[in-house]
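Asker: Fold the following, please.
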Amino acid sequence: MMQAVPGRAGEAGLRRPRLGFLGVGWIGHHRMNAILQTGVADVAAIADPAPEMARRAAELAPDAALATTLDELLETKLDGIVIATPTALHAEQAIRALERGLAVFCQKPLGRTKTEVQAVVDAARAADRLLAVDFSYRFTDGMRLIRDLIARGALGRIYAIDLVFHNAYGPDKSWFYDPASSGGGCVMDLGVHLVDLVLWALNFPKVSCVSSALFAEGARLERATGRVEDYAEAAMELETGATVRLACSWRLQAGCDAVISAAFYGTAGGAALRNVNGSFYDFVAEQYHGTQRRTIAGPPDAWGGRAAADWAVRLASGKKFDPSIEHAVTVADTLDRIYRR
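Answerer: Numbers count the residues shown, from 1 in each chain. Model prediction:
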């Protein structure tokens, strides 16, 4: 059993949250660093099935106890847990943590299906604990400015949205290619960000209709093939009357590392977020009016860890269950419809 690490007093008399980290590969390690930089929480425990990964993460938090499993983390006195494990484990691990009274920050997707995601949200509500998902692109400077333009009516009535996330590479872990483990291919991995981004930017309108086409190595996939898609297109109609076109892929012959964009077209103007020179990290946002354009945001923008940092700050301020997490169920439902299940 691991030993608890003493906490420190925080501002306004609130105790600093003691956090556990489950899975500290590249993403888990990065999110830990982002949370530490907020200065509002302590890393009390780190768990990873690969001991060397846990030891490397512990370089950021030398006083943290080390473990290999969730069971060991749950034996430690914690206030919250950050989950960065394979997709198939997310829902079960999040529910177990919530039922033990811990707040949860989880990598996307929160679950493989709407049913799994709803179960996690229900557990958070029952426990009255803060639950958040790492929908990191919401936290780019550019998308926040575009969302504000839309909310203020500066673009008029939005009627068309184009979303793209093409990755010239594929995941390097085998579980991504097993539908039972991953829940799906590039849509589950990349498209989930696009679906969340468009619904979040438009204040979560109802999705009226969804159609899709999924491909694996150039061949069209039908249901229950036992394979995951590496290219997908989807069309969505929103209750507002707007149409959404979405495309995402792994290993596309795109001529660069990545093609990422979210473009919104309205009756009074347009705006788009797009990556710069194939980068996964650098984005520019532009506002359009007729043939004119102006840049409203650009690099550098250290956005990657902001979702985790935001959760930690809210947890430290005493926040409990946040009903807006229900939107994660809407995103999962839309993905289910793209997968025609």
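Asker: what's the spacing between the helix or strand hosting H30 and its chain's center?
Answerer: Secondary structure from DSSP states H and E places H30 in helix 26-38. Computed by C-alpha atoms, centre = their mean, to the nearest Å, the chain-centroid distance of helix 26-38 equals 14 Å.
Asker: Same check on stretch 235-248?
Answerer: 20 Å.
Asker: Please apply the same query to stretch 299-316.
Answerer: Worked out by C-alpha atoms, centre = their mean, stretch 299-316 lies 12 Å from the chain centre.
Asker: Put the alpha carbons of it into CSV.
Answerer: What follows is stretch 299-316, C-alpha atoms only, in CSV (Å, rounded to 0.1, in the frame of the first residue of the first chain):
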residue,chain,number,x,y,z
PRO,A,299,1.3,31.3,-32.6
PRO,A,300,2.8,31.0,-30.1
ASP,A,301,-0.1,29.6,-28.1
ALA,A,302,0.6,27.0,-25.4
TRP,A,303,-2.9,25.5,-25.4
GLY,A,304,-2.2,21.8,-25.0
GLY,A,305,-2.5,21.5,-21.2
ARG,A,306,-5.1,24.2,-20.6
ALA,A,307,-8.1,21.9,-20.3
ALA,A,308,-6.3,20.0,-17.5
ALA,A,309,-5.1,23.2,-15.8
ASP,A,310,-8.7,24.6,-16.0
TRP,A,311,-10.0,21.4,-14.2
ALA,A,312,-7.4,21.7,-11.5
VAL,A,313,-8.1,25.3,-10.9
ARG,A,314,-11.9,24.7,-10.7
LEU,A,315,-11.3,21.8,-8.3
ALA,A,316,-9.0,23.9,-6.1
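Asker: any idea of the mean pLDDT for that stretch?
Answerer: Computed over stretch 299-316, the mean pLDDT rounds to 98.
Asker: quick one, strands of the stretch 101-250 of the chain?
Answerer: Taking DSSP state E, counting those that start in this stretch as the test, the strands found in the stretch 101-250 of the chain are 103-106, 131-133, 158-167, 207-216, 219-220, 231-238, 243-250.
Asker: With mean pLDDT as extra columns, can I get those strands in a markdown table?
Answerer: Putting those into a markdown table (pLDDT from 0 to 100) gives the following:
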| stretch | mean pLDDT |
| --- | --- |
| strand 103-106 | 98 |
| strand 131-133 | 98 |
| strand 158-167 | 98 |
| strand 207-216 | 97 |
| strand 219-220 | 95 |
| strand 231-238 | 98 |
| strand 243-250 | 98 |
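Asker: closest to K114 out of those?
Answerer: In terms of C-beta to C-beta, the element of the strands of the stretch 101-250 of the chain nearest to K114 is strand 207-216, at 12.1 Å. Quick note: C-beta positions are derived from backbone N, CA and C, even for glycine.
Asker: Tell me the spacing between L238 and I161.
Answerer: According to C-beta to C-beta, to the nearest Å, L238 stands 9 Å off from I161.
Asker: ok, the two, which is more surrounded?
Answerer: Taking other C-beta atoms under 10 Å, L238 and I161 do not tie; I161 has more neighbours (24 against 20).
Asker: The nearest residue to that one once chain neighbours are set aside: how many residues sit nearby?
Answerer: Leaving aside its sequence neighbours, I161 sits nearest to V244 (C-beta to C-beta, 6 or more residues apart in numbering; 4.6 Å). Burial measure for V244: 23 neighbouring residues, criterion other C-beta under 10 Å.
Asker: How about P62?
Answerer: By the criterion of other C-beta under 10 Å, P62 has 7 neighbours.
Asker: Contact partners for the spatially most central residue of the chain?
Answerer: The centroid of the chain falls nearest to F135 when counting by C-alpha atoms, centre = their mean (2.7 Å). Applying C-beta atoms under 8 Å, 6 or more residues apart in numbering, we find F135 in contact with 108, 193, 196-197, 200, 307.
Asker: which of the residues you listed has the most neighbours?
Answerer: Among these, D196 has the most neighbours (other C-beta under 10 Å), with 25 neighbours.
Asker: quick one: contacts of stretch 280-300?
Answerer: Where contact means C-beta under 8 Å, 6+ apart, the residues beyond stretch 280-300 that reach it are 140-143, 145-146, 149, 154-155, 257-258, 260, 268-276, 301, 303-304.
Asker: how about a cut-off of 10 Å?
Answerer: The contact list for stretch 280-300 (C-beta atoms under 10 Å, 6 or more residues apart in numbering) reads 137, 140-146, 148-149, 154-155, 167, 169, 257-258, 260-266, 268-276, 279, 301-304.
Asker: can you put the strands of the stretch 101-250 of the chain in a markdown table and add distance to Y288?
Answerer: Listed next are the strands of the stretch 101-250 of the chain as a markdown table, based on distance: least, C-beta to C-beta, whole Å:
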| stretch | distance to Y288 |
| --- | --- |
| strand 103-106 | 35 |
| strand 131-133 | 30 |
| strand 158-167 | 12 |
| strand 207-216 | 25 |
| strand 219-220 | 34 |
| strand 231-238 | 21 |
| strand 243-250 | 17 |
